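Colleague: all I have is the shape, not the residue letters:
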């Protein structure tokens, strides 16, 4: 299904995920794929539901938490997005993901100085 998602066939991914979930398969990666597909399809609340479930199933999965925060950001739920992004660890000196995403939240709030500071990190 990842290859299908890479082709941006989000409807097919959502249909396959729904079918597997209906069969009783409960898996964090399945919810992650469905969440990403729903976000790309312009269904942020559906994406949030899948990603929140994935996060409960795999609370240590950083990719899931980052994707969920991105959905919060796109919904303009900036406090939730920022809190989740702040909770992500910085993994080494070349890990810019946390700071980049925090810069997006600062910029969305209109706090350009904080955004620039985060981007410099």
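Modeller: That came through, no problem. Everything numeric here is computed off the predicted structure, so don't read it as measured data. Numbers count the residues shown, from 1 in each chain.

Colleague: gap between the lowest-mean-pLDDT helix or strand in the chain and the chain center?
Modeller: Ranked by mean pLDDT, DSSP states H and E, the weakest helix or strand in the chain is helix 2-6, scoring a mean of 80. Distance, stretch centre to chain centre, for helix 2-6: 16 Å (CA atoms, centre = their mean, to the nearest Å).

Colleague: please apply the same query to stretch 43-60.
Modeller: The answer for stretch 43-60 is 8 Å, by CA atoms, centre = their mean.

Colleague: flag every buried residue along it.
Modeller: Within stretch 43-60, the residues that qualify as buried are 43-44, 46-51, 53-55, 57-58, counting by 16 or more other CB atoms under 10 Å. Glycine gets a C-beta too; all of them are placed from N, C-alpha and C.

Colleague: ok, the most centrally placed residue in the chain to residue 80 distance?
Modeller: For the chain, the residue nearest the mean C-alpha position is residue 67 (0.9 Å; CA atoms, centre = their mean). Distance, residue 67 to residue 80, by CB to CB, to the nearest Å: 13 Å.

Colleague: cool, and residue 119?
Modeller: 21 Å.

Colleague: check residue 99 too.
Modeller: From residue 99 over to residue 80 the distance is 18 Å, taken as CB to CB.

Colleague: cool, and residue 61?
Modeller: 18 Å.

Colleague: residues in contact with the strand or helix carrying residue 70?
Modeller: Per DSSP states H and E: residue 70 is located in helix 62-74. Contact with helix 62-74 is made by 28, 32, 35-36, 39, 44, 47-48, 51-52, 54-55, 58, 78, 80-82, 84-85, 87-89, 97, 101, 104-105, 108, as judged by CB atoms under 8 Å, 6 or more residues apart in numbering.
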